[in-house]
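Enquirer: Starting from these lines, generate the structure:
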Amino acid sequence: MIRRFLKDADARARIGDETLALWIEEIKDAAYDLEDVVSTFVLTQEAAATKGVVHKIVDNLFKRPIKLYKVGSEIDKILNRLSKLNQSLERHGVLRDKNVGDASSSKQRINDLRRTYSHVPEHDFVENEGSMMELVTRLTKEGNSGSPFVSIYGMGGLGKTTGAKMVYHHEKVRNHFNYFAWVFVSQQFQPKDIWRIVLKQVSPSVDIQGMEQGELANKLFEVLKEQKCLVVLDDIWNKDDWDLIKAGFPEKTTGSKILITTRRRDVGEHAGRRCFLYQPPHLDDTASWELLKKKAYFQEDATSRVDYEHIEKLGKGMVKYCGGLPLAIIVLGGLLSTKQSVNEWETVKQNVKEFINKGQSIGEQEYNSVFGVLGLSYDELPYLLKPCFLHLANFPEDYEINVKELCLLWTAEGFVAVEDKARKCLMALVDRGMVQVGRRSSIVVGRIKTCRIHDLMRDLCLEKAKNENFFHCINFQVSGDSKVRRLAFHSNDNIVDGLPRLTNNRERCLRSLLCFGPKAKDFNNLMKPLFNRFNMLRVFKFEFISSELSRSQYHQIPEEIGKLIHLRLLSIKVCGLVFLLPSSMVNLRCLQTLDLRARGLLEMNLCTRRSMNVLSKLDHLRHLYLPDFFGHTCLDEDGLRLRLGNLRSLETLVNFDSRYCELDDLSQLTKLTKLSIKTFQALGEINLVSNLQSLSVKTFSRHSSDLIDIDPFLSSYPQIQKLRLYGKLVNPLENIFFPNLVKLTMGSNFLKVDPMPILGKLSKLRILAISSSSYYGKKMVCCKNSFPRLESLSISELLNLEEWRVEEGALSKLCHLEMSLCSKLKSYPDGLRNITTLKEIKLTRMEEDFMTSFNQKGGDENCHEHRSSKSE
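Expert: Below you'll find the predicted structure:
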């Protein structure tokens with residue numbers, strides 16, 4: 001009921017009801033308190049149920065009634081708060097409909113200010129001839145192939161409307177079409193008004209007076225089918241908006257074309273199955289500076305040479321804050337156009353981010369400021385997506401966010417129930433242009449591996465998070481008694497200076513603590529007060545580059561961590577850290593993700609056998625990332641290993657070491673989809689479930705002549721899609737076939753036999769990387785018609801390779817080729833010249849003879865298809 005009210009109230013606050021927004025925060029706070037009380041009671045009772053019989057009897061007779069009374073009293077207090085809040089809402093008339101009219105009129109005024117017109121000239125365009133002509137060609141293409149729809153999409157302020165105007169007025173476009181229409185759609189419209197506006201422009205002779213809505217749609221549809229018209233629908237916000245107006249626009253190819261501008265990629269995809277999608281790129285440094293000069297009316301002949309050089313340096317420094325976003329550059333240029341002297345430009349530089357984000361009138365978010373424009377995207381987010389977006393501000397500026405970790409964080413926070421839903425939420429933010437894609441998955445089409453957020457979008461995110469008290473970054477200046485539930489700590493110095501203050505100035509309701517910085521010092525003493533105070537923590541992420549302790553010192557995770565019974569995600573990544581896991585961690589019954597990845601050692605406290613197997617008690621774990629190395633004390637005096645067989649919910653297991661972990665336990669992990677294993681010994685067949693999709697095996701030899709046989713182990717998993725093999729192997733892949741393998745990475749395998757004839761038979765292989773002396777033979781051959789689907793090939797550090805031959809039909813789908821440090825390879829393969837799909841070639845530290853051969857065989861002549869990168 002509370003969630004339903006908050007969702008509805010949030011929609012009301014979104015259209016300008018600021019009073020209601022304040023009440024929403026109080027109701028959210030009460031709801032959080034209620035959830036904390038109930039979940040704490042449930043978890044403590046579950047823990048009590050695991051105790052002995054005597055303990056249960058004592059608890060049921062004496063402790064349980066007292067606990068129930070206390071919980072009931074706390075719940076009554078919270079319900080009274082909610083009741084008083086409800087009475088206040090009714091007394092002040094916050095929910096009455098009379099406020100909606102004022103809010104709607106305010107929103108309508110913003111829409112009117114943002115309205116675009118085709119005849120208004122554009123002076124803010126830095127022309128990209130290639131992109132412009134691509135759009136022009138799509139719009140003027142004759143014939144019935146293709147789609148009548150073209151969509152320009154991207155984040156607010158990217159120049160979508162500006163680009164659409166330039167295309168709309170392009171000479172070739174004006175000569176191709178007979179009639180033109182431009183209509184500003186935006187967030188508030190009536191379908192019949194859109195159709196009426198378009199009809200007036202493409203068929204002015206038609207009498208539309210008195211036409212009903214259906215007649216308008218039908219008439220427009222017929223006109224667009226019969227005539228060659230270009231219709232621009234500027235600023236469509238979502239798929240539902242398109243569904244309201246699509247009846248007037250033909251879906252099949254006609255002489256007419258429909259150009260859409262939108263912030264969301266999925267709008268264009270929804271409009272037409274073969275809709276051409278175009279996302280304007282962010283401006284590079286050169287184009288950004290040219291646009292800034294144009295808007296600032298800055299000319300070299302208007303000032304002295306010395307001042308010009310100084311101002312140019314200041315301007316190029318300031319424009320970097322804009323991150324290539326045209327709107328931000330225009331806002332900055334508008335301000336600088338009123339500044340003539342070097343001193344004035346230096347003054348602006350001191351507060352450049354504030355000026356860019358909020359416009360010239362700092363503190364007032366004008367409709368055309370960066371915050372004003374980007375803020376519209378946030379205001380229109382569905383209720384579920386808002387906390388996901390705000391959470392992104394937890395990460396430092398320019399941080400490459402691992403999508404897997406992000407989804408685990410959102411799940412642990414309770415924003416979503418499962419990781420698949422988290423990925424869908426992220427893709428929704430990507431489609432809206434609010435999150436940028438980093439690296440994409442090589443296995444699952446459309447899935448992204450890393451993402452980032454534009455600096456200006458992050459500034460908006462920080463501002464909204466602060467205003468809504470969603471989370472607090474340690475750099476914000478807020479009162480010490482702020483009841484914040486999420487905290488992020490970004491440090492450029494030693495963390496000791498910042499973290500102790502948190503224990504004194506924050507309430508105990510903190511749910512999430514994320515720490516990023518260069519150094520960690522005195523880990524144990526830092527963590528104790530945090531774990532003692534913040535018992536409601538669900539997420540604790542501690543990520544630092546290095547530890548200042550010597551190798552003889554231990555970082556003991558404090559026993560107090562056992563008090564964090566709500567903890568769902570624990571991530572401690574400190575390079576050089578030596579862990580001791582306390583036995584109290586068995587209390588973390590809600591823990592789903594434990595990430596201890598670091599270049600350090602994991603030591604188990606072996607005072608008792610129970611403490612050695614503390615991990616085996618965490619039966620709710622779904623993702624376990626062990627450190628890179630284990631310490632010798634992971635084996636107890638009887639030689640027993642770390643047991644993980646009880647972790648039946650485990651989906652991810654990374655850095656499993658066969659010396660210290662029990663191999664047989666793997667057969668019990670029936671939900672495992674990703675496994676990374678290290679071994680010094682041969683691996684036999686293990687009956688693991690068929691869910692496994694990603695496998696990494698690292699073998700370590702005690703002697704240089706040792707070869708480790710893992711063929712029986714690999715043969716257990718023919719269904720895997722992603723495989724990494726590192727270390728010396730015996731006949732790898734020779735007797736094994738992986739029909740579903742998509743990506744293969746090999747390193748330091750020291751193979752004597754050319755692996756290409758075998759690998760070339762993998763019919764679904766799309767990505768292959770061979771590096772670090774994986775093969776030390778002299779000749780490598782890609783046989784005829786081999787590698788039918790391979791798209792990316794990387795070959796590096798094959799130090800003995802002298803000849804590489806590519807036969808006819810091999811590598812027929814290859815798009816990307818990367819080669820480096822193959823010092824004896826003298827000739828570029830002739831067979832690569834005939835591969836028409838090859839788009840990118842990157843050559844690094846290759847010998848001069850090879851580079852000469854590359855150039856002679858068409859590398860430079862086909863520069864429109866091949867891009868070579870050569871470094872000394």
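
Enquirer: and stretch 228-240, what's its mean pLDDT?
Expert: Taken as a whole, stretch 228-240 has an average pLDDT of 92.

Enquirer: Could you list the buried residues of that stretch?
Expert: Judged by neighbour count using 16 or more other Cβ atoms under 10 Å, the buried positions of stretch 228-240 are Lys228, Cys229, Leu230, Val231, Val232, Leu233, Asp234, Asp235, Ile236, Trp237, Asn238, Lys239. Just so you know, the C-beta spots here come from the backbone N, C-alpha and C atoms, and that holds for glycine as well.

Enquirer: Ala465 touches Phe389, doesn't it?
Expert: No - here Ala465 does not reach Phe389: they are 9.2 Å apart, not a contact under Cβ atoms under 8 Å.

Enquirer: Quick check: bridge partners of Trp804?
Expert: Counting by DSSP bridges, Trp804 is bridged to Met780.

Enquirer: pretty sure it is touching Met780, no?
Expert: Yes - with contact defined as Cβ under 8 Å, Trp804 reaches Met780; the gap is 4.9 Å.

Enquirer: residues shared between the contacts of the two?
Expert: Counting by Cβ atoms under 8 Å, 6 or more residues apart in numbering, Trp804 and Met780 have no shared contacts at all.

Enquirer: quick one: which helix or strand includes Asn218?
Expert: Take DSSP states H and E as the rule and Asn218 turns out to sit in helix 213-226.

Enquirer: Which strands or helices does that helix pack on?
Expert: Under the contact criterion of 3 or more Cβ pairs under 8 Å, 6 or more residues apart in numbering; DSSP states H and E, helix 213-226 touches helix 191-202.

Enquirer: So which residues make contact with the helix it packs on?
Expert: Outside helix 191-202, the residues touching it (Cβ under 8 Å, 6+ apart) are 179-183, 185, 206, 208, 213, 216-217, 219-220, 223-224, 227, 229, 231, 233, 244-245, 247-248.

Enquirer: How about stretch 684-698?
Expert: Contact partners of stretch 684-698, identified using Cβ under 8 Å, 6+ apart, comprise 443, 663-664, 666-667, 669-679, 683, 710, 712-717, 719-727.

Enquirer: Going by neighbour count, which residues in that stretch are buried?
Expert: So stretch 684-698, judged by 16+ other Cβ under 10 Å, has buried residues Leu688, Leu692, Gln693, Ser694, Leu695, Ser696, Val697, Lys698.

Enquirer: ok, Ala328 to Val348 distance?
Expert: 13 Å (Cβ to Cβ, to the nearest Å).

Enquirer: Name the residue in these two with the higher neighbour count.
Expert: Per other Cβ atoms under 10 Å, whichever of Ala328 and Val348 has more neighbours is Ala328, with 29 against 19.

Enquirer: give the contact list for that one.
Expert: With Cβ under 8 Å, 6+ apart, Ala328 has these contacts: Gly157, Tyr321, Cys322, Ile356, Val370, Leu456.

Enquirer: go with 10 Å
Expert: 157, 283, 288, 292, 319, 321-322, 352-353, 355-357, 369-370, 373-374, 454-456 (Cβ atoms under 10 Å, 6 or more residues apart in numbering).

Enquirer: Now do the same for it: its pLDDT.
Expert: pLDDT, Ala328: 82.

Enquirer: Which helix or strand contains it?
Expert: Counting by DSSP H and E, Ala328 is found in helix 326-336.

Enquirer: in that helix, what counts as buried?
Expert: Going by neighbour count (16+ other Cβ under 10 Å), the buried part of helix 326-336 is Pro326, Leu327, Ala328, Ile329, Ile330, Val331, Leu332, Gly333, Leu335, Leu336.

Enquirer: Output the below-cut-off pLDDT ranges for the stretch 101-250 of the chain.
Expert: 101-130, 143-146 (pLDDT under 70).

Enquirer: hmm, try it at 80
Expert: Scanning the stretch 101-250 of the chain for pLDDT under 80 picks out the ranges 101-132, 142-146, 186-188.

Enquirer: In the stretch 151-300 of the chain, what residue spans correspond to strands?
Expert: For the stretch 151-300 of the chain, the strands defined by DSSP state E, counting those that start in this stretch occupy 179-184, 229-236, 257-262, 276-278.

Enquirer: now swap in the stretch 301-450 of the chain and tell me
Expert: Under DSSP E, counting those that start in this stretch, the stretch 301-450 of the chain gives strands at 401-402, 436-437, 450-452.

Enquirer: Same list (those strands) but as JSON lines, adding distance to Leu793 and mean neighbour count.
Expert: Output for these, formatted as JSON lines (distance: least, Cβ to Cβ, whole Å; neighbours: other Cβ atoms under 10 Å):
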{"stretch": "strand 401-402", "distance to Leu793": "25", "mean neighbour count": "18"}
{"stretch": "strand 436-437", "distance to Leu793": "23", "mean neighbour count": "15"}
{"stretch": "strand 450-452", "distance to Leu793": "22", "mean neighbour count": "19"}
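
Enquirer: Reformat these as a markdown table; add mean pLDDT and distance to Glu309.
Expert: A markdown table is the format used below for these (pLDDT from 0 to 100; distance: least, Cβ to Cβ, whole Å):
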| stretch | mean pLDDT | distance to Glu309 |
| --- | --- | --- |
| strand 401-402 | 94 | 39 |
| strand 436-437 | 88 | 34 |
| strand 450-452 | 92 | 33 |
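
Enquirer: what's the closest of these to Leu838?
Expert: strand 436-437 (23.4 Å; Cβ to Cβ).

Enquirer: dump the residue contacts of the residue nearest the centre of the chain.
Expert: By Cα atoms, centre = their mean, the mean C-alpha position of the chain lies nearest to Cys451, the distance being 2.9 Å. Residues near Cys451 by Cβ under 10 Å, 6+ apart: 392, 395, 399-403, 406, 426-427, 429-430, 435-439.

Enquirer: any idea how far the residue lying closest to Lys761 once chain neighbours are set aside is from Leu385?
Expert: Nearest non-adjacent residue to Lys761, counting by Cβ to Cβ, 6 or more residues apart in numbering: Ser786, 6.9 Å away. Remark: distance between Ser786 and Leu385 (Cβ to Cβ) = 46 Å.
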